[in-house]
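> okay, sequence plus prediction incoming.
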Amino acid sequence: MRNRKKIFALALLAMLMPMAASSQRPKPATARLQVTQCALKVSGMTCGGCAAMVEKGLLTVAGVETASVDFKTGEARVSFDRTKTTPGKIVAAFNRANGGFRVQTAKAAAK
Ligand SMILES: [Cu+2]
């Protein structure tokens, strides 16, 4: 009986060891960024060049990490650091700075 308890304790320890080791591993730098994605509806585009301009404009907005705009669907996918900005702020900043194009959040566009 005593022996079985010992074996059980050892087995438990063996199971917990790798977990303890992995929790001590430093997290990759990207884990500290609170990156979230959102979809935006873009209007005012007439060609792929416009999409590139919208993309550039989105990338200059503070907190935006990546932006990819599809001219055909009129959609932009934006990833942003949510500790720095929100979709609403991105939309407002973009529309202030980029006359001719307008973006709105996909949610607002659905209404
Ligand atoms: Cu164009």
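The structure has been received and is ready for your questions. Numbering: from 1, shown residues only.
> now do the buried residues in stretch 63-78.
Residues of stretch 63-78 classed as buried by neighbour count (16 or more other C-beta atoms under 10 Å): 63-64, 67, 69, 71, 74-76, 78. Where you see a C-beta, it was placed from the backbone N, CA and C, and this is true even at glycine.
> that should have said stretch 46-58, apologies.
For stretch 46-58, the neighbour count (16+ other C-beta under 10 Å) marks 50-51, 53-55, 57-58 as buried.
> and these as JSON lines, adding distance to residue 101?
Formatted as JSON lines, the buried residues of stretch 46-58 follow (distance: C-beta to C-beta, whole Å):
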{"residue": "50", "distance to residue 101": "7"}
{"residue": "51", "distance to residue 101": "9"}
{"residue": "53", "distance to residue 101": "7"}
{"residue": "54", "distance to residue 101": "5"}
{"residue": "55", "distance to residue 101": "11"}
{"residue": "57", "distance to residue 101": "7"}
{"residue": "58", "distance to residue 101": "10"}
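> these also near the ion: which ones?
residue 50 (C-beta under 5 Å from the ion).
> any chance of the buried residues of stretch 63-78 in CSV, plus distance to the ion, secondary structure and pLDDT?
CSV is the format used below for these (distance: C-beta to the ion, whole Å; DSSP: H, G, I helix; E, B strand; the rest coil; pLDDT from 0 to 100):
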residue, distance to the ion, secondary structure, pLDDT
63, 26, coil, 97
64, 21, strand, 98
67, 16, strand, 98
69, 11, strand, 98
71, 8, coil, 96
74, 12, coil, 97
75, 16, strand, 97
76, 15, strand, 98
78, 19, strand, 98
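> what's the closest of those to residue 106?
Distance ranking of the buried residues of stretch 63-78 against residue 106, using C-beta to C-beta, places residue 75 first at 7.6 Å.
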